[in-house]
Structures are given as structure tokens and as C-alpha cells.
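J.: please find the sequence and the predicted model below.
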Amino acid sequence: MPPELTVLALAGLLLLVHVFSATHFKTKQYGLDWNMGARDEDLPPLGDLAARLDRARGNFLETLPLAIIGFGGVVLADKASDYTAIAAWVWLGARVTYLPLYWAGIPKVRTYVWAVALLALLYPIGALLLA
């Protein structure tokens, strides 16, 4: 399997980590009835930790489609290379690093790691458009 697809498969597992960690801390705050209910009621704002994890989940969901387009696209278009594979692993490594940084509330380093992930995403998209 091309490394870019391996990275996307692992990104699926990372998505589950994001979803379950965010939901765990939301459930801890709002209770099991909220988790198992329709979630229609108005609720107080999330506490700091649950809110950070929810924002990290949202951020990952915003960038995952770009990864699918970029890394999946280079494989489908037969434009995958050692460089797109490296970009894929760099992106995944940065995204794995991003979650605990956001979880811990570390502000500036988290943003730098996010920027590394974004730059890694731009490479395969550029390869699709320019090569």
C-alpha cells in the first residue's frame, strides 16, 4: 500500500482519538444522560479542557479533507513520490503532536505544529496542481 494511504488510514484512527477524547470530557461535564440523549437542550459552556479538546477535534475535521484530497489525490493521479510520502508522515506526526499540545493548553508551540502540518498538506496539493 502506498505510504500516503497508510497515513490516511492512521488518520482515521487519530480521528477516533479526537472524537472519543472530546466526547469523554463533554460527557464528564454534562453527564451520561446528555451523551445518550438527543442533545437538544441548551447547556452551559464547556469547561476549559473539554472545550480545548472539542476545538482540537473540530480543527482536525477541518483539515482532514485536505489530507484526503492531497494524499489520496497524488496516489489516484499516479503523482505519489518519496516527497509526498515524507509530507504525509510529517503531516501525521504534526497532527499527532498537535492534540496533546492543545489538550495541555500550550498556545504558541501548538500553532507552530499546526503550521508544519499545513505546510505538509500544501505539498501534495501543489503536486496535483503543478506536476
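T.: It's in.
J.: make it CA atoms for all contacts and neighbour counts henceforth
T.: Fine.
J.: ok, which stretches of the protein are strands?
T.: Ranges of strands in the chain, per DSSP state E: none exist.
J.: where in it is pLDDT low?
T.: Scanning the chain for pLDDT under 70 picks out no residues.
J.: quick check: Leu13 vs Val19, distance?
T.: Distance, Leu13 to Val19, by C-alpha to C-alpha, to the nearest Å: 10 Å.
J.: quick one: which of these two has more around it?
T.: Taking other C-alpha atoms under 10 Å, Leu13 and Val19 do not tie; Val19 has more neighbours (18 against 12).
J.: show me the contacts for the more buried one.
T.: Listed by C-alpha atoms under 8 Å, 6 or more residues apart in numbering, the contact partners of Val19 are Arg57.
J.: and the most centrally placed residue in the chain, what does it touch?
T.: Taking C-alpha atoms, centre = their mean, the centroid of the chain lies closest to Phe60, which sits 2.8 Å from it. Phe60 makes contact with Leu15, His18, Arg95, according to C-alpha under 8 Å, 6+ apart.
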